[in-house]
Every structure is written in C-alpha cells, then in structure tokens.
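Chemist: Next comes the sequence, and after it the predicted model I'd like to discuss.
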Amino acid sequence: MALLEVNNIHAYYGNIQALRGISLTVEKGEIVSLIGANGAGKTTILRCISRLVGLREGSITLDGEDLSKSKAHELVYKGIAMVPEGRGVFAKLTVEENLEMGAFSRDDQDGIDNDLDRVFSLFERLKERRNQVAGTLSGGEQQMLATGRALMARPSLMLMDEPSMGLAPILVEGIFDTIKEINAEGTTILLVEQNATMALQVANRGYVLQTGEIVLDDTAENLQKNEMVQKAYLGID
Amino acid sequence: MTDKKRIDIREVINQGLLAGLVALSLSVIGFISLLGEREMIAGIFTMGHVFLFAAPVGIASVLAEKIKHENTGKVLGFGFLIGVITALPLIVLIILATSFDIRQFLVNVSPELIHLLTFGQNLVVGSIMLVVITGILSLLAAGLRLLPEIWRRPITSGLAWTLLFGTFSEILLSRVRAFFGRGVAKLVFSGKALNPITALLILIIAAAIAYWNVTKRSKSEQKEVEVSPEKQQKSQRIRVVVGIISLLILPLLLGTYLSEVMNNVGIYVLMGLGLNIVVGFAGLLDLGYVAFFAIGAYVMGILTSEGHLGLGFTFWTALPFSVLASTLFGILLGIPVLRMRGDYLAIVTLGFGEIIRILALSDMLKQFIGGAQGVLQIPKPSIFGYDLTKPEALYYIILIGVLIAAFVSWRLRDSRLGRQWMALREDETVAEAMGINLVNTKLLAFATGAAFSGLAGAIFASKLTSIFPHSFNLIVSINVLSLIIVGGIGSLPGVVVGALILVGLPELLREFAEHRLLMYGALLIVMMLAKPEGFWPSETIKRELHAHKEFEAGSSD
C-alpha cells in the first residue's frame, strides 16, 4: 500500500474548478515531483492534501487512513509536514526559535534536541546563524530554515512547495542536494516545482499537470526523455 | 555614513522655516497663548514658551547632530540661523496683529499671544528680543551637541528635570502643602509656579546627579567590572520589592486628586493589557474592544444597582458574573470572525462595538438596562463592612486587578499558548501547518482579552456609581489601541507607559484637553517616525526593528 494515495479529487476556488479528477500515489521512501506551468494546479494539490482547500469529490488517504475528515492542524500529528511556498518563516523569531516551532506537535524533548542537532548538521549555515532573527536571513537561508523547520516535526511525508522559487541557480542546486539527503535518511517527499529540470533530476517519479489534470505519469527518467516534456518544460527542442 | 546628504545653507533655511511654521500654527490655533497661562518658573517662563521654542530647538539639535563632526563655527552658525528664521513668520504675525484687525478670521491671535511673543515689550524691541532669544536658544541647543558626554548629560538632564518639575508645579505645590505645610510651600513656589531659585536648585541637583552617574559609568567601563549573576539577581529582587512598596504607598503620597487620576490610568492599563493579548500577542486587530468594557460595566451595574433596575448583588458577588459575561461575549464575537483577517476583522469588530453601544441606548432594552438614562445608584465596593468610597481606597482594588492581569499576561506570553498566538500573528497558514488549532487559539485570545476588559468595566461602573451608553463609544477603543502602540505593541510595561502618557498626562495638563486629539495625532506621527517600536518595546519587536544593525555587526567580524 502506498504511503499517500490521492484518488480522483476535484477542487474549486469559488466556481472555478482548479483540479479535475487528480489521482496520484506516493510510495514510502520516494521523491515524487509534480511539474507543470503556472496555474496548472500543482500548489492546489498540496493545499488539498494539507486540508487548506476542501474537496468536492474524491479521497486522500495516508497509510490507509482517510484524511478528508482531518483538520489542517491535525495533519502534522499524522506525519505530514509542509514547506510552504514563499518559505513562511517566522520573521521575528530567531533561527532556533523557528526550528522549535517546527516541533510544536511533539513533546519528546530528547528527540527534539536530537533533531535540532540533525538539522544543524544538515544546514551548517543555520547553525552559524542560530541566534539571528529569521527575517534577516537571505532567501536561500530562509529556504533552509523552512525545510529544517518541517523536518523538526519528524514527518513521514514532507510536502515541498516550490523550494527553488526566487533563489540563485547555485543555491537551487544546494537545496536539491539536501532534498536528496533528507530523502536518503528516510523521509518521503512530494515536491511541487516549476524548475522541471532539477525536479526530475532528484525525483524517482513524476506527474505532469495541465489545467487541473494529470497528462503524464511516469518515472522521472522516462519523463526526462519524453519529447513533449522536453519541449514544454525542459527547454530542449 | 559616507552617503549622508550634505547639509548646506538651503537645507538650514528650509528647516528653519519648518520650525517657524510649526511655531506659527501653534500660535494661531491658540495653543501657545492657552499654555502661556500656565507658569512654570514664576515671572520667567510659561509652558507656552516651551511649545514656542520646542520646534527650533529640537530641529537645531537634530541638525547639529548630523554635522557635529564638521567645524564648530558652522554648527553654531547654523543653529543660530534656524532660530532666527523661525522667528520671522512670528514677527510677520506680530506686525499684522498690531496693524490690522486680523482677529476677525484668526480668533486666537489675542493680545495675550502678542504679549507673550514680544515678551511684554513694544513692537520693535519685542521683535528683536524674539529673534535674539530664539536664535540663542537654537544656538545653545546646537552647541550642546558639541560638548563631550560628561558635560552634555548633566546639562540636558538638569534642564529636563526643571521642565518636568515646572510642568507639574501646580500638583507639586498641593503635595508640598499637604506634607510640609503652607510655609514651606510659599518658600518654594511663587503663585502656582516654581520660584526661580527653586528652579535653579532643581537644575543644579539634577545636573549633579547626572554628572555623578556619568563619571561612575565611565569608571566602571574602564575597570570592566563583571557583575555576577547572583548580584544581578539580588539587585533585581530589590528593585521588585521597592517597586511593590512604592505602588502600595502611592495613594498616601498622591492625595485624592492624583489617586483619582491613577485610577483612571489603572482602568486603561487593565483594558490595555487585555487588548495587548488580542492585538499584540495574537495579532487580531480588534476595534470594538469597548464592547467588552461596556458588558462588564453593565453587568456590574444591573446586578448591584440600588435603583429600580438593580438585583441586589454586592460588588464581590457580581464581579465574577461581569468577567464571565464579557468572556462569553468575547467568544461569541470570536466565532463569526474566525475566518477574517486584517482589515476585515477590524471592520467587523468595529461594528460589534457599535452594536453593543446602540443596544445599550435602545428603547427595546430600556426596561432592563435603562436606555439613555443608564444605570444609576451603583454602590461602591466594600470590604468587611468598610466602604471603599475614596479614590485612595479604590486604587487598591484596581491595583490588584492590574497585577493579576499583568501576571496572567506575563505567564501566558511565555507559555505554549503564547507561542501559538505568536505563530498565529506571524502567519496563519504556517501556524496551522505546525499543528496549531486556529479556532481554539483565536477564541482563547478573544476570551482572555474580553475578560480583562470586563474586569475593567466592572470596576469602572462601581467607581463612577452610574453608567451611561455614551461612556462606551468608539473613542475608548481607539484610546486603548493608541496607548498600546505608544507603549510598544506586545509589551507589558509598555501598556503602563502608554496609559500614563495618553490617559494620565491629559488629566494633569488640563489645558491640553481642548487640543487632546491634536496632541494624540502629533504624538502618534512623531512616534512612528522616531520610535516606531514604542516607548517600552517588547524584546521581539526591538530585535526585529534593530535586526538590521545586529546583522551588519554580526557579519563584519
């Protein structure tokens, strides 16, 4: 059984249909990428999974458990952590306090301390700046912080929304390296990305979205070879 | 500092004219002559002068700070120039006022104003005196910036204390009379103002203390004495004890009138602490906060009134119901606005505040809560058969309320709930993703805030012994919000400072009452420009606003 199963979901913003029967699965230990143009519905899928957008139809299950009755704030207790679009760090808190907020759902102080060390060893920059106010970090550092904060919840599934947005190419590579590293340590990742090249390089499998529908679904390797994907998303003629 | 704009003569003229316009408008609206009636140092100096010279002196001082590394002559010259230019528009006013009848359209340009501006001399001598005095004062203000700290501190401190004593001379007079008798009062004061010799003494003593402080500090800096944590803790404990004792004996020192002022301040502190939780901690902009104050007051009024509406409760049995009722309404208001943020929340809560006031005023509920006639004959609280009728006694009830509210706020801020509020304030979506239940968190903020306000309302009702719908209009909400902003959003001591400034000061400076909103506006604008974090900001806000400096300092090493 897959870790996350999304089954034929339909979602609307008012009267506008954003998702038209999306089905996808994420297996334990995978990195799965959702790619597509602006407005294709990538972020909406994540918002549906994290219960910020309601479903008209369809179901979402995590480890066989139906999520459609859960509230947004309960998901983190079930093992889903979110790295939101635009980072969403607590600008007035220090780096360390931000990470502590990430562990809000937990009460095992020893485990939290361990994970804090783990995040700091994953992101050396954050360790150097642990007492600095998050609002003064650079974009790349904020992305690290948002990622580290999500890790602090010790999730089984991590949802990442556009981690490369607004970052310099060199930083983007670093972020994707850590995504692989986090995955290698056992966290399953569902990744939404406009930077299809990078997203398909790290992912095991991928889905291509167009106007609220999945048009392609294959291994990342095959998608990279696909002519349509190359033309539309990878900039290869 | 290299990219700083060079200050040339044109800039100086502009700044001088600005100061002149400020002084001119304060004169024309009648502010200067009104305050001219309040003498600070007998025969020499009135509060009108303070406001007349405030603009040129302040601007000269700020300008001098910018150019103090350049040559001395330039600093002093520019300072003098600012003063002289400031005087020019005033002289035009003097000439116009003495040659034409301009009071037809500028009613406040009174003979008293002209008398004040010309120092009681004739047109020519008076004008020259005005130019020279403004010029010299601005020059001195600019020159002060050139002095080393060891001289500057004592001088500014001496002047500040003298101004402070002068401002409150009338109140001081009554206190001195009460404690030392009329004889001493006559010696120290003349009329209601400070005696020039007293003023000089205050100046010297304050300057001496400041000098002693400065030398002590520079010595300890040289030695670099590390204060041990135990010693620090001990001195903090001593400070807390001294603070509590002085709060306890305060009404004995203050007397009836000042105790009454303190009680008003205290009620606003209570409300401020409550709104601080809603706005400062949780970031929910609530403009209808007065509603909970009204509910607390009305429940207290109806339960205890000895009139025909009353139900015969005592203050103490009614108090829990007051607080409970406001808390309940806090939750009731919270439910419909759960999904609203920012401006929308502000507008809806504003409406809620008005609804409560209009309900209190309505004929529909008149038979229960008295309509426009309000609730009368509310008894004052009593303890063990002793009625707390005097403001000095009521002070203690308010003090206990404030201390409880402050303690609860302080503990909540550092609690798990405090963290939830903080996350909610920063980003609702992310807070939710961290596992925070937004519904409970918001409702708890509204409920706690409303409870404090209800407590304030209950005390307010039995303090005044009668309540009317018009005591609960929008301006109360605005006042509470302003005092939080002035004190520093999210800061507990800031609430007290804000309430003292916005509620206490206008009570003491009765002349301000007429221009209260003008002063509010001016103060808020100056605050936003010069001290956006408030007079006593919370740690987080301080850190945020100064993070940039810290960041630069951190990255340079």
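Modeler: Thanks, I have it.
Chemist: Chain B contacts on chain A?
Modeler: Contact residues (Cβ under 8 Å from any Cβ of the partner chain) of chain A with chain B: A:50, A:52, A:71-77, A:81-82, A:84, A:88, A:90-94, A:101-102, A:104-105, A:132-133, A:135-136, A:149, A:153. Where C-beta positions appear, they are placed from N, C-alpha and C, glycine not excepted.
Chemist: Within the helices and strands, which one has the closest residue to B:Leu144 other than its chain neighbours?
Modeler: Counting by Cβ to Cβ, 6 or more residues apart in numbering or on different chains, B:Arg152 is the residue found nearest to B:Leu144 once chain neighbours are left out, at 5.7 Å. Assigned by DSSP states H and E, B:Arg152 belongs to helix B:149-167.
Chemist: Mind giving me the packing neighbours of that helix?
Modeler: strand B:39-41, helix B:47-67, helix B:123-144, strand B:193-194, helix B:196-223 (3 or more Cβ pairs under 8 Å, 6 or more residues apart in numbering or on different chains; DSSP states H and E).
Chemist: Report the inter-axis angle for the second one versus helix B:149-167.
Modeler: Relative orientation of helix B:47-67 with respect to helix B:149-167: 160 degrees, computed using axes from the mean of the first three to the mean of the last three Cα atoms, to 10 degrees.
Chemist: any idea of the angle the following helix or strand past helix B:47-67 forms with helix B:123-144?
Modeler: Per DSSP H and E, helix B:47-67 leads on to helix B:72-99 as the next helix or strand towards the C-terminus. Angle, helix B:72-99 to helix B:123-144, by the same axes, to 10 degrees: 150 degrees.
Chemist: Dump the C-alpha coordinates for whichever helix or strand comes after helix B:72-99 into PDB.
Modeler: Using DSSP H and E, the next helix or strand after helix B:72-99 towards the C-terminus is helix B:111-117. C-alpha atoms of helix B:111-117 as PDB (Å, rounded to 0.1, in the frame of the first residue of the first chain):
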ATOM      1  CA  PRO B 111      -3.400  90.500  22.800                       C
ATOM      2  CA  GLU B 112      -2.200  87.900  25.300                       C
ATOM      3  CA  LEU B 113      -0.500  85.900  22.500                       C
ATOM      4  CA  ILE B 114       1.200  89.100  21.200                       C
ATOM      5  CA  HIS B 115       2.200  90.000  24.700                       C
ATOM      6  CA  LEU B 116       3.800  86.500  25.100                       C
ATOM      7  CA  LEU B 117       5.600  86.700  21.700                       C
END
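Chemist: pLDDT at the residue of the stretch 201-350 of chain B found nearest chain A, what is it?
Modeler: In the stretch 201-350 of chain B, no residue comes nearer to chain A than B:Gly283, which is 10.9 Å away by Cβ to the nearest Cβ. B:Gly283 carries a pLDDT score of 92 in this model.
Chemist: again, but for B:Glu224
Modeler: B:Glu224 is assigned 58 on the pLDDT scale.
Chemist: again, but for B:Val265
Modeler: 95.
Chemist: doesn't B:Arg145 make contact with the residue nearest to B:Leu144?
Modeler: Yes. Here B:Arg152 reaches B:Arg145: they are 7.5 Å apart, a contact under Cβ atoms under 8 Å.
Chemist: Could I get the contacting residues of residue 167?
Modeler: No chain specified, so I'll use chain A. Listed by Cβ atoms under 8 Å, 6 or more residues apart in numbering or on different chains, the contact partners of A:Leu167 are A:139-140, A:143, A:175.
Chemist: think we crossed wires, I meant chain B
Modeler: B:Thr167 makes contacts with B:40, B:47, B:50, B:509, as judged by Cβ under 8 Å, 6+ apart.
Chemist: Distance check, it against B:Phe51.
Modeler: B:Thr167 sits 11 Å away from B:Phe51, going by Cβ to Cβ, to the nearest Å.
Chemist: try B:Leu81
Modeler: Look at B:Leu81 and B:Phe51: by Cβ to Cβ, they are 21 Å apart.
Chemist: what about these two, which has more around it?
Modeler: The residue with more neighbours, out of B:Leu81 and B:Phe51, is B:Leu81; 21 against 18, by other Cβ atoms under 10 Å in any protein chain shown.
Chemist: The residue nearest the centre of chain A: what secondary structure?
Modeler: The residue lying closest to the centre of chain A (Cα atoms, centre = their mean) is A:Met160, at 1.4 Å. Following DSSP: H, G, I helix; E, B strand; the rest coil, A:Met160 is assigned to strand.
Chemist: Can you name the residues bridging to it?
Modeler: A:Val83, A:Leu191 (DSSP bridges).
Chemist: And the pLDDT for it?
Modeler: On pLDDT, A:Met160 comes in at 94.
Chemist: Show the contacting residues for it.
Modeler: The contact partners of A:Met160, by Cβ under 8 Å, 6+ apart, come to A:83, A:147, A:150, A:179, A:189-192.
Chemist: Just the buried ones from the residues you listed?
Modeler: Neighbour-count burial (16 or more other Cβ atoms under 10 Å in any protein chain shown) applied to the contacts of A:Met160 gives A:83, A:147, A:150, A:179, A:189-192.
Chemist: A:Ser59: which of the residues you listed is nearest?
Modeler: Using Cβ to Cβ, A:Leu190 comes nearest to A:Ser59 of the buried ones among the contacts of A:Met160, at 16.6 Å.
Chemist: contacting residues around the closest one?
Modeler: A:4, A:26, A:32, A:34, A:46, A:49, A:157-160.
Chemist: what's the lengthiest helix in chain A packed up against?
Modeler: Assignment by DSSP state H gives helix A:169-184 as the longest helix of chain A. Contacts defined by 3+ Cβ pairs under 8 Å, 6+ apart place helix A:169-184 against strand A:31-36, helix A:109-122, helix A:139-151, strand A:188-193, helix A:196-202.
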